[in-house]
Structure formats: C-alpha cells, structure tokens
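K.L.:
Quick one: sequence and predicted model below, then my questions.
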Amino acid sequence: MGLDMDHTLIRYNVQEFEKLSHNVIKEKLVKNRNYPAVVLDLPFCYDLAIRGLVIDRQKGNTLKLNRHSAIRASNHGLKSIDFKTQQKIYKSTYIDLSDKQYMAVDTAFSISLATLFSQIVEIKENQPDLKFPDFATIADDVLNALDEGHRDGSLKETVKKDLKRFIIKEPDMVAGLEKFKKHGKKIFIVTNSDFHYTKLLLDYAITPFLKDHKSWLDLFEIIVTSAQKPRFFHDDLKYLKVNPADGTMTNVNEKLVPGVYQGGSAQVFTRDLGLEGDEILYIGDHIYGDILRLKKDCGWRTAMVIEELADEVKSNQIAEPTNQEIEILMKKKEPLEDDFTEIMTKKSDGFIDNLDAKLEALQRQITEIDLLISNLIKKQQALYNEHWGQLMRAGNEESYFAYQVDRYACVYTAKLGDLLELSPRTYFRAPRRPLAHEV
C-alpha cells in the first residue's frame, strides 16, 4: 500500500496553507513581475474557488464543467456570467483540456491560484488605468509564481517554522497504519517533497504516536522522496539511496530493499519487489499527479483523497429532504408536460382546434410547479459553495472533476484515516450501475 505524503498521509490545514500560498503569489507578482501594488491588498477568500474549475486563459473566465466537458457555470472576475451571455461567448463549446487556452484547477493547493486570478481579472476590468497584462499572461504569471513558491522554499520554509499552524496531527490515523502493518500489509511512501522536509513532517506527525514501532523508518518499508511525480509513473529515472542519519545520497546498483530513496521509477519499483501492478494500492490527492497517470501507465490500484468530500457528504444529508420534495414535484410536473406536448402536436397537425384554454391551464400549472422547484433548488444550493455549488455535481449532472475521479480512482475518501478504519481485509465491490434504457 503506497501513500503520497502531502495532503494524504500528512494532512494540512488547507485554508491556512492556501492563505499562505495566496500571499506568496501576490508578493512575487508585485516584486518580480511589476504588478500594481494594489494586488498586495487583495484578501484571501477560500470560497471563491473549488477544485475542478477550469480557467479560460484567453477570455479571463473561470468555468465549471459537467462530465462531458460542457460549461455549466462561469464567472468573469468575481461576477457570475448569466446563461444567455455564456451561450453567446461559448455557444455549444465542449472544453478540450489539452488545449493550452485552458488551465485546470485540479488540486486542493490550486485554490489560491484560481482565487487570485479571479481577483486580478476583477481589478483589471474595474480599474483600466492600472497596467495589467492580458488575461493569458495573468494566468501564466499566477501559476509560475505559485510554482516558484514551491521550488524556492517560500512556502515550505514558512510551514517548517510553524508546524502547529499548518499540519494536523492524527493519532487515530497512525494507529490505523500500525493495524494494517500487523495484518501483513507493506506500506510505502512516494512523495515529491525532499528528504529533509519529509523527515521533519514524519517526525512531527507520525513518530510521536507510534506504539509498535520506534519511528516512521520502522513503519514504512520504502520511502521515496523527490519522486518527480507524475514522471515517476511513466519515466525511467534513477534511484539514489538516502542515508536517513544525515541525508547524504549514494547511487543504487542493486535491487531495492527497505530504506529511504530519492527519485526512481514505478517500473523499477514494481519489478524489484516482484509485484504485479494490481497488487499495489496507491493513495494520493492529485487527480493528475497521483491518480490519472498512475492508472494509465502502471495499472496500480488507486485511491483518491478528497478532503472537501467530508463537508459535501454532510450537506448532501441535510439536503436529502429537499431533494425528495423536488422529486415529488418533478413527478407531478412530467405528466402535465406530456399532456401539453401531445395537445400542441395535435394542434400543429390540425387534428383538433380550440384547445388554447386547455393549453393555458396546463402552462399555468407547470409554471406554478416550476416556481416551487426553483425555490427548493435555491434552498438546496445554499448548503454548498455560494459561488460554484457542489464539488461533485454540475446541476443534476456529474461535474467534470467527479467524472475524472470516477474514471481513474478505484475508490475515493475524504481522508486516509477513514480508509484505515476499515478492516485490512475489506473487499470493495462495485455496485451495478443502471444504463439509461434500464431506468
């Protein structure tokens, strides 16, 4: 069983970390790219974005897609784009995410990116006297500033100095890992974080709660740091052996054995351990870096951590009575619509005259029900993100993010600890999914 570290094995206080990212990006834009100083005053608003959105680099819009990549909601800056305007801009466009015009917001740590992009677009439109680049350049600048913050240590150095603020300790999760180890599961880590940062976080959040092992070095069979995912899953990079005492490294010229490594590849990992791909379950939080490429290139089993899911499930439970009311009204409305359609067809065909009063009566009933349904939908949506609604749905349809999770993750969960509460011998069986003609 393999684990990503950041946001999977080690949980972050996401809002605090994204606030830090937001500040780092702002500072880099103003200092290194000469953005107007007003950018520094922009507040961090966590709810302005959700995972799974798409940025239109050319038009400066933020989009929410359904499973077929059709646009179901859109914003320009901080303002919602109404349906008619959206239709004029995009017509019936299905978004191709391989097109460089579009940028996916596909991780929990991309929230700051999407938030700041929207805020800067808003300023650019409202204060044209300020000198901002075009929308595509803004999108690239924000992304590059975030990447720089990860590369140059701006983010992690701050985390190191205040672990209590950014890192969540989970004693029960650690107990779950030891339970799985007792049942013969071999647990490993593959992380993009370097050895020293990895050691710091594992010393802080794992070792203090171990009961059957002296340290995280005894708990995990293999720890791969600086893995360069997703390249780890499809490239043939070389392994280096890391001395956990001082972080020094040496070349690896033999098969992998328990210990700490840097770099490497999944192909060598699977071969040296004598495993088939479907004998390995890898758990991560990044749909592209941890899940999609791994499933396509290695055939490993996959589990995705979606921390936002915990709140969404709670909201779904609260919304269930409202959903049932909507369903009752829809069942009442559908036969009225069928009657209306049948009468209109007969009238158009010239078979029956003088049915206007009947049509008007049906239309009144349908309109009254539509109003009730509309009010209930507003009540339901108020339980979710006020700007984008549900994470896993776009209206009645699956969101594009949910589609990706459903397609590439064998299972998904709100946090690793939830999975570890189950028996290590648990077997997950997919339910029968009805096709359209079976409903």
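P.N.:
Looks like it came in fine.
K.L.:
If you count contacts, what does the lowest-mean-pLDDT helix or strand in the chain end up packed against?
P.N.:
Across the helices and strands of the chain, mean pLDDT, DSSP states H and E gives its lowest value to helix 293-297, namely a mean of 86. When contacts are defined as 3 or more CB pairs under 8 Å, 6 or more residues apart in numbering; DSSP states H and E, helix 293-297 sits against helix 231-234. For every residue, glycine as well, the C-beta is placed using N, CA and C.
K.L.:
and the helix it packs on, what does it pack onto?
P.N.:
By 3+ CB pairs under 8 Å, 6+ apart, helix 231-234 packs against helix 266-272, helix 293-297.
K.L.:
Can you name the residues in contact with the shortest one?
P.N.:
Which is helix 293-297. With contacts defined as CB atoms under 8 Å, 6 or more residues apart in numbering, helix 293-297 is touched by 229, 230, 233, 234, 266, 282, 284, 300, 302, 408, 409.
K.L.:
how deep is the closest residue to the second one other than its chain neighbours tucked in, by neighbour count?
P.N.:
What sits nearest to residue 230 in space, not counting adjacent residues and going by CB to CB, 6 or more residues apart in numbering, is residue 293, at 3.9 Å. Residue 293 is flanked by 20 other residues according to other CB atoms under 10 Å.
K.L.:
ok, now residue 207?
P.N.:
Residue 207 has 17 nearby residues by other CB under 10 Å.
K.L.:
circling back: make a markdown table out of the helices and strands packed on helix 231-234 and add distance to residue 137.
P.N.:
Output for the helices and strands packed on helix 231-234, formatted as a markdown table (distance: least, CB to CB, whole Å):
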| stretch | distance to residue 137 |
| --- | --- |
| helix 266-272 | 36 |
| helix 293-297 | 28 |
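K.L.:
where along the stretch 1-150 of the chain do the helices fall?
P.N.:
For the stretch 1-150 of the chain, the helices defined by DSSP state H, counting those that start in this stretch cover 14-33, 83-90, 111-126, 135-151.
K.L.:
where does the chain dip in pLDDT?
P.N.:
351-354 (pLDDT under 70).
K.L.:
Show me how the record splits it into domains.
P.N.:
According to automatic domain parsing, the chain comprises the domains 12-163, 169-305, 311-390.
K.L.:
Look at stretch 255-274 and report the distance between its end residues.
P.N.:
End-to-end span of stretch 255-274 (CA to CA, to the nearest Å): 10 Å.
K.L.:
burial measure for residue 140, as a count.
P.N.:
14.
K.L.:
Ramachandran angles for the residue nearest to it when sequence neighbours are not counted?
P.N.:
Residue nearest to residue 140 in three dimensions, not counting chain neighbours: residue 57, with 7.4 Å by CB to CB, 6+ apart. Phi and psi for residue 57, reported as degrees, to the nearest 10, are phi -70, psi -30.
K.L.:
quick one on the thing from earlier: and residue 164, which of the helices and strands packed on helix 231-234 is closest to it?
P.N.:
Proximity to residue 164 (CB to CB) singles out helix 293-297 among these, at 32.5 Å.
K.L.:
For the helix or strand just after that closest one, C-alpha coordinates in CSV please.
P.N.:
Remark: after helix 293-297, the chain's next helix or strand is strand 301-305, criterion DSSP states H and E. Extracted as CSV, the C-alpha positions of strand 301-305 are listed here (Å, rounded to 0.1, in the frame of the first residue of the first chain):
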residue,chain,number,x,y,z
ARG,A,301,-4.9,0.3,-8.0
THR,A,302,-5.7,3.8,-6.9
ALA,A,303,-7.5,5.6,-4.1
MET,A,304,-8.0,9.4,-4.1
VAL,A,305,-8.2,11.6,-1.0
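K.L.:
ok, residue 129 - how many residues close by?
P.N.:
Residue 129 has 5 nearby residues by other CB under 10 Å.
K.L.:
same thing with residue 99?
P.N.:
Residue 99: 10 neighbours (other CB under 10 Å).
K.L.:
same thing with residue 296?
P.N.:
Residue 296 has 12 nearby residues by other CB under 10 Å.
K.L.:
quick revisit: kindly state which of the helices and strands packed on helix 231-234 is positioned closest to residue 7.
P.N.:
Residue 7 lies closest to helix 293-297 among the helices and strands packed on helix 231-234, at 16.0 Å (CB to CB).
K.L.:
And the closest one, how far out from the chain middle?
P.N.:
17 Å (CA atoms, centre = their mean, to the nearest Å).
K.L.:
hang on, the earlier thing: verify the contact between the residue nearest to residue 140 and residue 104 for me.
P.N.:
No: counting by CB atoms under 8 Å, residue 57 does not reach residue 104; the two are 11.3 Å apart.
K.L.:
For residue 287, which residues are in contact?
P.N.:
106, 107, 304, 401, 404, 405, 408, 409.
K.L.:
didn't the last one look like it was pressed against residue 301?
P.N.:
No: with the criterion set as CB under 8 Å, residue 409 and residue 301 do not qualify as a contacting pair; they are 9.4 Å apart.
K.L.:
The two: who's more crowded?
P.N.:
For residue 409 versus residue 301, neighbours defined as other CB under 10 Å are more numerous around residue 409 (23 against 20).
K.L.:
Not counting residues beside it along the chain, what's closest to that one?
P.N.:
Nearest to residue 409 is residue 304, by CB to CB, 6+ apart, at 3.9 Å.
K.L.:
Surely the one you found is in contact with residue 406?
P.N.:
No: the pair residue 304 / residue 406 is not scored as a contact, 10.1 Å apart, by CB under 8 Å.
K.L.:
Compare those two (neighbour count), which wins?
P.N.:
Ranked by neighbour count (other CB under 10 Å), residue 304 and residue 406 place residue 304 first, with 24 against 13.
K.L.:
give the contact list for residue 63.
P.N.:
Taking CB under 8 Å, 6+ apart, one finds 53, 54, 55, 56, 71, 73, 74, 95, 102 in contact with residue 63.
K.L.:
With residue 11 as the reference, measure out to it.
P.N.:
29 Å (CB to CB, to the nearest Å).
K.L.:
Count residues in the vicinity of residue 108, would you?
P.N.:
Neighbours of residue 108 (other CB under 10 Å): 21.
K.L.:
If you could redo that for residue 165, that was the one I meant.
P.N.:
Residue 165, neighbours per other CB under 10 Å, totals 13.
K.L.:
Likewise for residue 275?
P.N.:
13.
K.L.:
Kindly report the same for the one 5 residues further on.
P.N.:
A count of nearby residues for residue 280, using other CB under 10 Å, gives 21.
K.L.:
Next: residue 334.
P.N.:
Neighbours around residue 334, by other CB under 10 Å: 12.
K.L.:
For it, I want the exact helix or strand it lies within.
P.N.:
helix 309-349.
K.L.:
Can you mark which positions in the following helix or strand past that helix are buried?
P.N.:
Later in the chain than helix 309-349, the nearest helix or strand by DSSP H and E is helix 356-381. Neighbour counts over helix 356-381 (16 or more other CB atoms under 10 Å) mark 362, 365, 366, 369, 373, 376, 377, 380, 381 as buried.
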